[in-house]
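**Q** Have a look at this prediction, sequence included:
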Amino acid sequence: MSVSISIQNLSKQYPKSASLALDRVSLDVNEGEVFGLLGPNGAGKTTFFSSLCGLIHPTGGEIRIHGLSIHTHLSQIKQMIGVVPQEIALYPTLSGEENLRFIGRMYGLSGKNLTIRVDECLDAFGFDTNRKSAVKKYSGGMKRKINLIGGILHQPKILLLDEPTVGVDVHARRGILEMLKKINRDEKMTIIYTSHHMEEAEQFCDRVAIIDQGQIIQTGQPAALVQESNAQNLEDLFVQLTGKAIG
Ligand SMILES: Nc1ncnc2c1ncn2[C@@H]1O[C@H](COP(=O)(O)OP(=O)(O)OP(=O)(O)O)[C@@H](O)[C@H]1O
């Protein structure tokens with residue numbers, strides 16, 4: 001199995017902050033793995049994601065994506081990564097399709113390739129003629145799906161998902177997770193995922209890391225971690241390790 005993301009001693013100290021937001025984090029994520037980064041508020045998840053996609057500069061350590069250092073190959077690495085932010089970042093008066101065409105152009109897609117890719121993603125996520133309606137008329141689940149498609153249009157090798165199912169009903173949540181699993185399987189896309197939903201993480205992730213105060217305190221397969229620690233489930237283990245509720 002080849003390594004997709006290799007992180008060595010990653011640290012981040014924000015100016016004027018007394019403590020490290022990331023404190024010597026080391027981690028390898030394999031190609032095609034679904035990896036959950038789970039931690040309480042303020043643990044360092046957003047800082048970790050922002051470092052991976054080059055939005056902020058770490059103060060120490062090294063990130064390699066498919067063997068390339070982020071210090072020297074940032075523009076190439078940006079093309080390899082898709083980001084799905086927690087906040088819905090869409091124009092409400094434009095349709096789902098128009099929003100995606102706009103996002104696709106930002107990733108360098110154009111012409112026939114853009115049209116085909118937008119269509120196939122909208123089909124895969126179950127959009128019909130509603131793809132032409134303004135996003136402001138969409139349900140929470142539909143907005144989430146468009147937000148998510150925006151991150152995969154350019155067929156990235158790695159997808160960063162920040163709480164992809166927050167605020168959606170059970171049915172839409174299941175649909176989103178099933179589609180993500182399918183893409184992960186079919187395209188061998190590596191997924192790094194955060195969530196406050198422990199039951200979802202337990203089912204969705206091949207491996208998880210529990211992070212607190214900028215440090216990774218446990219890594220492993222969810223079922224194995226739960227069994228080894230005699231916890232009832234992942235949420236129980238999380239509370240044991242961090243002394244905090246997930247959110
Ligand atoms: N721009 C900033 N300047 C100073 N400190 C920051 C900044 N951004 C984050 N921090 C601090 O860094 C630490 C990690 O924050 P981060 O946002 O990465 O955590 P998080 O796990 O994503 O939290 P949440 O679940 O609430 O989104 C926190 O102590 C936070 O207060």
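**A** Here it is on my side, so go on.
**Q** Going along the chain from the longest helix along the chain, find the next helix or strand for me.
**A** In the chain, assigned by DSSP state H, the helix with the most residues is helix 170-187. For helix 170-187, the following helix or strand on the C-terminal side (DSSP states H and E) is strand 190-194.
**Q** between that following strand and helix 170-187, how many degrees?
**A** Per axes from the mean of the first three to the mean of the last three C-alpha atoms, to 10 degrees, the angle that strand 190-194 makes with helix 170-187 is 150 degrees.
**Q** where's the helix or strand following strand 190-194 relative to the chain centroid, distance-wise?
**A** Note on strand 190-194: by DSSP H and E, the next helix or strand toward the C-terminus is helix 198-204. In terms of C-alpha atoms, centre = their mean, to the nearest Å, the centre of helix 198-204 is found 14 Å from the chain centre.
**Q** Can you give me the neighbour number for residue 239?
**A** Using other C-beta atoms under 10 Å, residue 239 is surrounded by 15 other residues. To be clear about C-beta, it is placed using only N, CA and C from the backbone, and glycine gets the same treatment.
**Q** same thing with residue 221?
**A** Residue 221, neighbours per other C-beta under 10 Å, totals 14.
**Q** what about it, distance to residue 199?
**A** Separation of residue 221 from residue 199 (C-beta to C-beta, to the nearest Å) stands at 16 Å.
**Q** Listing request: residues of this protein with sub-threshold pLDDT.
**A** Applying pLDDT under 70 to the chain flags the ranges 247.
**Q** Which residue lies nearest the spatial centre of it?
**A** Nearest residue to the geometric centre of the chain (C-alpha atoms, centre = their mean): residue 161, 1.8 Å.
**Q** so how far is residue 19 from it?
**A** Taken as C-beta to C-beta, the span from residue 161 to residue 19 is 27 Å.
**Q** all strands for this protein, in order.
**A** Using DSSP state E, the strands found in the chain span residues 3-12, 22-30, 34-38, 60-65, 68-69, 81-84, 158-162, 190-194, 207-212, 215-220.
**Q** Using CSV, lay out the ones you listed together with distance to residue 51.
**A** What follows is those, written out as CSV (distance: least, C-beta to C-beta, whole Å):
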stretch, distance to residue 51
strand 3-12, 6
strand 22-30, 7
strand 34-38, 12
strand 60-65, 7
strand 68-69, 13
strand 81-84, 12
strand 158-162, 11
strand 190-194, 12
strand 207-212, 13
strand 215-220, 14
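**Q** Now residue 229. Nearest residue, chain neighbours left out?
**A** Ranked by C-beta to C-beta, 6 or more residues apart in numbering and with sequence neighbours excluded, the top spatial neighbour of residue 229 is residue 237, at 5.3 Å.
**Q** Residue 225 is in contact with that neighbour, correct?
**A** Yes - here residue 237 reaches residue 225: they are 5.9 Å apart, a contact under C-beta atoms under 8 Å.
**Q** shared neighbours of those two, which are they?
**A** Residues touching both residue 237 and residue 225 (C-beta atoms under 8 Å, 6 or more residues apart in numbering) are 218, 231.
**Q** So for those two, which sits in the more crowded spot?
**A** Ranked by neighbour count (other C-beta under 10 Å), residue 237 and residue 225 place residue 237 first, with 25 against 20.
**Q** State the distance from that one to residue 218.
**A** For residue 237 relative to residue 218 (C-beta to C-beta), the value is 8 Å.
**Q** Quick one: name the residues of this structure near the ligand.
**A** Counting by C-beta under 6 Å from any ligand atom, the chain comes close to the ligand at 14, 17, 21, 39, 41-47.
**Q** Any of those buried? List them.
**A** For the residues of the chain next to the ligand, a burial check counting by 16 or more other C-beta atoms under 10 Å picks out 21, 39, 43-47.
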